[in-house]
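In: Have a look; sequence and predicted model below, questions after that.
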Amino acid sequence: METICALASARGKAGVAVVRLSGPLAWEAVADLCAGAALPPVRHAGLRRLFRDGEVLDEALVLIFEAGHSFTGEAVAELHLHGATATVRAVLRALTAREGVRLAEPGEFTRRALENGRLDLAQVEGLADLIEAETEAQRRQALRVLSGAVGARAERWRAQLIRAAALIEATIDFADEEVPTDVSPEVLTLIDAVLEELRQVAAGASVSERIRDGFEVAIVGLPNAGKSTLLNYLAGREAALTSEYAGTTRDVIEVRMELDGLPVTLLDTAGLRETVDEVEEMGVSRAIERARQADLRVFLRVDGALPRDLRPLGEDLVVEGKADLGVGDGLRVSGKTGAGAGELVARITEILETRSRGAAVITRERHRLAVERAIGAMESARSEVLSGADRTELAAENLRRAVRSLDSLVGRVDVEDLLDEIFASFCIGK
Ligand SMILES: Nc1nc2c(c(=O)[nH]1)N(C=O)[C@@H](CNc1ccc(C(=O)N[C@@H](CCC(=O)O)C(=O)O)cc1)CN2
Ligand SMILES: Nc1nc2c(ncn2[C@@H]2O[C@H](COP(=O)(O)OP(=O)(O)OP(=O)(O)O)[C@@H](O)[C@H]2O)c(=O)[nH]1
Ligand SMILES: [Mg+2]
């Protein structure tokens, strides 16, 4: 196994930069830089001068972890350097000059942690999401996954399904011995208990996916309603062009923001109307499509008028625009003066908060598909158990299939194809 090293902290100048090494030569390579001074005791930082060819490279904090008790599971060393790009470069150059030490690929430290059983596949995904987290809800959700919540749930489901399958298999084995023990009530109880939990988790998965990727909220309405002006007010910057001409906005403009800890992408869209202008018409089609896919729509009315091609559904908000000018029913907002904007944000936040309470432990489409496959296999098993003795073998096989699907959540089965995809999203040094 080669020893890898990389800058673990963000690239660019910084107060402190952390260079991490993992592998059999990690300690030796660092000890060489310390030129004779002893390494500090494991997991205790020590201040050391680092040398190359007799020249001081930096004065750094050195930290070592022994194999079996480190993030990767291998021997690890860290150098907490002064965060100059030149310092980092000089130290990495000195380290990689050694035979057996090379720069790490993106995600390679984490890949080794996975291979050494320090993390399961879901935890690796949790770690990737944690690094990407920009809002409180994302941080909490990712940390829960990183701490092993998916694996813990999967382990309990697995144990119950294996017990159910074993009960069935026991009756198959003893089928000749005319001991008519009917295990189906117990088997059905086990299946139903797990099915209920899985259905709940599958139902909450889309909410967790939204927390991961962000909720989309589209501002829609007739041309000139003041949508772009409102977006700019909410964004706190001139993200979209505004003008007195109807039909100003053509493309969908996205602004990412955090509303009470939730990640939200606000969309400004073209004013909806029938038009002979081909380019405007393309903008209108795009607006309708994106607005339909969004999680929530805010209809901005002018004098009570709404577009004909898109109607409010479910919890969609309908508000009166240009509040400073006229009157209208319900909530009135103005992007020009900011009137009503706080109330609008509060309503959007409340709707999304309520939805986000339904979040499940699983956070990715991959997880949801695995859970849905398990549900499908269990539903088959259930009806096979109900239909009597001659189908019990099938039932047991379907329960085993459900177990395999759940195993894929934590990477107990078929991970290889996934790994490259998952690690591609990692940065170097992670
Ligand atoms: N400097 C530094 N900070 C960091 C990390 C790191 O690698 N280096 N981490 C990297 O992501 C995170 C912490 N994750 C870590 C997870 C396990 C171990 C570790 O040494 N585990 C051993 C010993 C545990 C103990 O001392 O109680 C073990 O589990 O056996 C270290 C860091 C966040 N902060
Ligand atoms: N008095 C008043 N004027 C506003 C308000 N919001 C926007 N306007 C004006 O209305 C005009 C249209 O504003 P936009 O924000 O570009 O409207 P829009 O809905 O994005 O229009 P399209 O992109 O063409 O669909 C501009 O002249 C704005 O200055 C408001 O709250 N009060
Ligand atoms: Mg506009």
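Out: Structure's in. What do you need? Ligands and ions are numbered 1, 2, ... in the order given.
In: Can you point out the buried residues in the lengthiest helix in the chain?
Out: The single longest helix within the chain, with elements called by DSSP state H, is helix 184-213. Judged by neighbour count using 16 or more other Cβ atoms under 10 Å, the buried positions of helix 184-213 are 184, 187-188, 190-191, 194-195, 197-198, 201-202, 204-205, 207-213. The way it works is simple: take the backbone N, C-alpha and C, and place the C-beta from them, glycine included.
In: What's the mean pLDDT across it?
Out: Averaging pLDDT along helix 184-213 yields 95.
In: What helices and strands are in contact with it?
Out: Secondary-structure packing of helix 184-213 (3 or more Cβ pairs under 8 Å, 6 or more residues apart in numbering; DSSP states H and E): helix 136-146, helix 149-173, strand 262-268, helix 341-356, helix 365-386.
In: Residue 68: how many residues sit nearby?
Out: 10 (other Cβ atoms under 10 Å).
In: whoops, residue 53 was the one
Out: 7.
In: again, but for the one 10 residues further on
Out: By the criterion of other Cβ under 10 Å, residue 63 has 20 neighbours.
In: And it, how far from ligand 1?
Out: 7 Å (Cβ to the nearest ligand atom, to the nearest Å).
In: Am I right that that residue is in contact with residue 41?
Out: No - counting by Cβ atoms under 8 Å, residue 63 does not reach residue 41; the two are 10.1 Å apart.
In: And whatever residue of the stretch 201-350 of the chain ends up closest to ligand 2, which helix or strand is it part of?
Out: Nearest to ligand 2 in the stretch 201-350 of the chain, going by Cβ to the nearest ligand atom, is residue 271, at a distance of 2.5 Å. Element membership for residue 271, per DSSP states H and E: none, as it lies in no helix or strand.
In: Could you check the pLDDT of it?
Out: For residue 271, pLDDT reads 97.
In: ok now do it, which residues does it touch?
Out: The contact partners of residue 271, taken as Cβ atoms under 8 Å, 6 or more residues apart in numbering, are 221-225, 227, 246-249, 284, 287, 307.
In: List phi and psi for it.
Out: Per-residue torsions, residue 271: phi -60, psi 140 (degrees, to the nearest 10).
In: So which bits of this protein are right by ligand 3?
Out: 227, 228, 248, 249 (Cβ under 5 Å from the ion).
In: Tell me which residues touch the second one, please.
Out: Contacts for residue 228 (Cβ under 8 Å, 6+ apart) come out as 240, 241, 242, 248, 249, 253, 268, 335.
In: Please identify the helix or strand for the first one.
Out: Counting by DSSP H and E, there is no helix or strand that carries residue 240.
In: is it true that residue 220 lies in a strand?
Out: Yes - counting by DSSP: H, G, I helix; E, B strand; the rest coil, residue 220 is found in a strand.
In: and the residue nearest to it when sequence neighbours are not counted, what element?
Out: Spatially, and ignoring its direct neighbours in sequence, residue 220 is nearest to residue 291 (4.9 Å; Cβ to Cβ, 6 or more residues apart in numbering). Residue 291 belongs to helix 278-293 when elements are defined using DSSP H and E.
In: chain center to that helix: distance?
Out: Offset of helix 278-293 from its chain centre (Cα atoms, centre = their mean, to the nearest Å): 29 Å.
In: close to ligand 2, is that helix?
Out: No - using Cβ under 6 Å from any ligand atom, helix 278-293 never reaches ligand 2; the gap is at least 8.6 Å.
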